[in-house]
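Trainee: Here is my input; please provide its structure:
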Amino acid sequence: MTYHGRGIRRVSGSSWTLDGSLTIRDVTKVVPLTFTFNGTAPSEPGKPARVAFHGSAATKRADFGMTRDLLQELGVPPRPSKRSKR
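Mentor: Predicted coordinates:
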């Protein structure tokens, strides 16, 4: 899985959008990442300033050809049924 950002634009106030492409299993889709700037942390002398962001994005697994149960996608065998045998 890779994400390539292509540009950042301010939506409003401290809200921003990173336009980019998400690739999973050789399928690429445009998936914007929305984030907010949470401020800067005090820096120590001789060290670069640190900044904080909170971001999120959403997509559908099926858009990338992932249509089976998540555990099956990961290659985990199904668990045996808990039904009692009579």
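Trainee: right, and Ala57 touches Lys29 too?
Mentor: No: using CB atoms under 8 Å, Ala57 is not in contact with Lys29, being 10.8 Å away. In short, each C-beta sits where N, CA and C put it, glycine included.
Trainee: Give the residues shared as contacts by those two.
Mentor: Common neighbours of Ala57 and Lys29, using CB atoms under 8 Å, 6 or more residues apart in numbering, are Leu22.
Trainee: so how far is Leu71 from the most centrally placed residue in the chain?
Mentor: Taking CA atoms, centre = their mean as the criterion, Ala57 is the residue nearest the geometric centre of the chain, at 5.7 Å. Distance of Ala57 to Leu71, given as CB to CB, to the nearest Å: 23 Å.
Trainee: check contacts around the residue nearest to the centre of the chain.
Mentor: Counting by CB under 8 Å, 6+ apart, Ala57 has contacts 22, 31-34.
Trainee: hmm, 10 Å instead?
Mentor: Contacts for Ala57 (CB atoms under 10 Å, 6 or more residues apart in numbering) come out as 3, 17-18, 20, 22, 31-35.
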